[in-house]
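Engineer: Need a 3D model of the sequence below.
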Amino acid sequence: MPMKLRALETLPLAIALLTAGCQQSQPANEARPAKETKRDASEYLSQPLVKDIYTADPSAHVWNGKIYVYPSHDIDGPTPEDDLGSHFEMHDYRTLAMDRIGGPVTIGPVALDVKDVPWADKQMWAPDAAYRNGTYYLYFPAKDKAGAFRIGVATSKDPMGPFKAQPQPIKGSYSIDPAVFTDDDGSSYMYFGGIWGGQLQRNIDGKYDPDGSKTDLGQDDKPALAPRVAKLTGDMLEFTETPRAVQILDEKGKPLLGGDHDRRFFEASWMHKYKGKYYFSYSTGDTHYLAYAVGDSPYGPFTYKGRILEPVEGWTTHHSIVEWNGKWWLFYADSQLSGQTRLRNVKVTELHYNPDGTIRTINPFVAKGAKDGAAH
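Structural biologist: Presented below is the predicted three-dimensional model:
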């Protein structure tokens, strides 16, 4: 299990490692893992959904009775590690499909490649998808020619793709990790943002600052940098409004502080609804937790409630939560197959609620002699 890191003590390393939260993979037989994992497969709560390619950051959806997962596709490229995560060189997406949890998984063909996105230059990180009126939408972050992360959208009539990208990124978008939630009234919202390598701190006013000097991430006694949310237009291609901050509060109604590394937002937004409440979940980054907060509106504010998942094998955690066949499921990733932070594999396990609506914390490892309801 990764050791806990302090943000100020390890910022350069963390930038490089964190950005793994949004990448891509190539066939395992073409990758070059640096080391073997130390744990036996029986020690993991769940097993990888696929082993032919490396996958991470799974966004799961249920359409037409099937489960579709839109992950990053990790590759082992030639770029040396650096503090900006340049070695996370994902450049395309592959969709996963299954008829049931625990059943066979189909790996689709290339759904979208960076060379087919007019405005994008490189590094297609964690995506999400949505559906409306016969069209499937793939939302993805990528760096533009100036090195700034923007969020694009591509469309298809098939959930597996191929997807055709819009010629320009979504106006007013920035940073990484788009997650699109459609409410009961049909309104759709995009949540996004990631600090450090995800560049949220470089876009405080919505305008890209190349050196990030406008924000000091070391302000531990100030409210933490917040993820963003914006309502989407009816055609799902643009924002209807300027993105606004998502407030995450403590039990006393005060904003979580930048120094609260166990609870504050880092990246990997996800929204789902359970019994009329809005559950905003996210990764804490350098402390490796999946955390969640609950609110009464898709805009928040959201009150911190606890952890969904303890630290996995690897560095970052990025997830999705979906209901299927009367049960709730957590999709996540670790580095079981490769032992490398940047070469990950997607997994799934059942998620359970307590009677009061809180979520039971999941341990990604199995205690000796114990089994938990994981999907293998």
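Engineer: alpha carbons only for contacts and neighbour counts from here, please
Structural biologist: Fine.
Engineer: The stretch 151-300 of the chain: strands as residue ranges?
Structural biologist: 164-165, 179-182, 188-192, 228-231, 244-245, 248-249, 267-274, 277-283, 290-295 (DSSP state E, counting those that start in this stretch).
Engineer: Including mean neighbour count, distance to Gln47 and mean pLDDT, could those go into a markdown table?
Structural biologist: Formatted as a markdown table, those follow (neighbours: other CA atoms under 10 Å; distance: least, CA to CA, whole Å; pLDDT from 0 to 100):
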| stretch | mean neighbour count | distance to Gln47 | mean pLDDT |
| --- | --- | --- | --- |
| strand 164-165 | 20 | 33 | 98 |
| strand 179-182 | 24 | 25 | 98 |
| strand 188-192 | 25 | 28 | 98 |
| strand 228-231 | 24 | 33 | 98 |
| strand 244-245 | 17 | 36 | 97 |
| strand 248-249 | 26 | 32 | 98 |
| strand 267-274 | 24 | 22 | 98 |
| strand 277-283 | 24 | 21 | 98 |
| strand 290-295 | 25 | 19 | 98 |
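Engineer: closest one to Ile53 among the ones you listed?
Structural biologist: strand 267-274 (21.5 Å; CA to CA).
Engineer: between the strands of the stretch 151-300 of the chain, which gets nearest to Gly172?
Structural biologist: Proximity to Gly172 (CA to CA) singles out strand 228-231 among these, at 9.7 Å.
Engineer: what's the closest one in contact with?
Structural biologist: By CA atoms under 8 Å, 6 or more residues apart in numbering, the residues outside strand 228-231 that reach it are 187-193, 239-246, 299.
Engineer: cool, and stretch 280-295?
Structural biologist: For stretch 280-295, contacts defined as CA under 8 Å, 6+ apart pick out 2, 4-7, 14, 18, 248, 261-272, 277-279, 301-312, 315-319.
Engineer: filter those residues to the buried ones?
Structural biologist: Among the contacts of stretch 280-295, those classed as buried by neighbour count (16 or more other CA atoms under 10 Å) are 5, 7, 14, 18, 248, 261-272, 278-279, 301-312, 315-319.
Engineer: Asn203: which of the contacts of strand 228-231 is nearest?
Structural biologist: Gly193 (9.6 Å).
Engineer: Which of the strands of the stretch 151-300 of the chain sits closest to Ser46?
Structural biologist: strand 290-295 (16.4 Å).
Engineer: Run the chain-centre distance for the closest one.
Structural biologist: 14 Å (CA atoms, centre = their mean, to the nearest Å).
Engineer: Can you say which of the strands of the stretch 151-300 of the chain is nearest to Ala126?
Structural biologist: Comparing the strands of the stretch 151-300 of the chain by CA to CA, strand 267-274 comes nearest, at 8.3 Å.
Engineer: okay, the angle between the closest one and strand 290-295?
Structural biologist: Taking axes from the mean of the first three to the mean of the last three CA atoms, to 10 degrees, one finds that strand 267-274 is oriented at 50 degrees with respect to strand 290-295.
Engineer: Packing partners of strand 267-274?
Structural biologist: strand 179-182, strand 188-192, strand 277-283, strand 320-324 (3 or more CA pairs under 8 Å, 6 or more residues apart in numbering; DSSP states H and E).
Engineer: Adjacent strands (with direction) for the longest one?
Structural biologist: It stands for strand 277-283. Next to strand 277-283 in the sheet, as set by DSSP bridges, lie strand 267-274 (antiparallel), strand 290-295 (antiparallel).
Engineer: Residue ranges in the stretch 101-250 of the chain under the pLDDT threshold?
Structural biologist: Residue ranges of the stretch 101-250 of the chain with pLDDT under 70: 212-217.
Engineer: I'd guessed Lys277 sits against Asp296; true?
Structural biologist: Yes. When contacts are counted by CA atoms under 8 Å, Lys277 is listed as touching Asp296 (5.6 Å).
Engineer: Distance to Leu225 added to the helices and strands packed on strand 267-274, as CSV?
Structural biologist: Formatted as CSV, these follow (distance: least, CA to CA, whole Å):
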stretch, distance to Leu225
strand 179-182, 18
strand 188-192, 12
strand 277-283, 13
strand 320-324, 22
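Engineer: Figure out which of the ones you listed is closest to Leu49.
Structural biologist: Across the helices and strands packed on strand 267-274, closest to Leu49 is strand 320-324 (CA to CA), at 14.5 Å.
Engineer: Residues contacting that closest one, please?
Structural biologist: Counting by CA under 8 Å, 6+ apart, Pro58, Ser59, Ala60, His61, Val62, Trp270, His272, Trp328, Trp329, Leu330, Phe331, Tyr332 sit against strand 320-324.
Engineer: How about the last one: what's its closest non-neighbour residue?
Structural biologist: Read it as Tyr332. Nearest residue to Tyr332, sequence neighbours excluded (CA to CA, 6 or more residues apart in numbering): His319, at 4.5 Å.
Engineer: Could you measure from that neighbour over to Gly147?
Structural biologist: To Gly147, His319 is 26 Å away according to CA to CA, to the nearest Å.
Engineer: Ok, which of the helices and strands packed on strand 267-274 comes nearest Pro255?
Structural biologist: Nearest of the helices and strands packed on strand 267-274 (CA to CA): strand 277-283, 14.8 Å.
Engineer: That closest one vs strand 320-324, what angle?
Structural biologist: Using the same axes, to 10 degrees: strand 277-283 against strand 320-324 is 140 degrees.
Engineer: quick check, distance from strand 277-283 to the centre of its chain.
Structural biologist: Here the centre of strand 277-283 is set off from its chain's centre by 12 Å, with CA atoms, centre = their mean.
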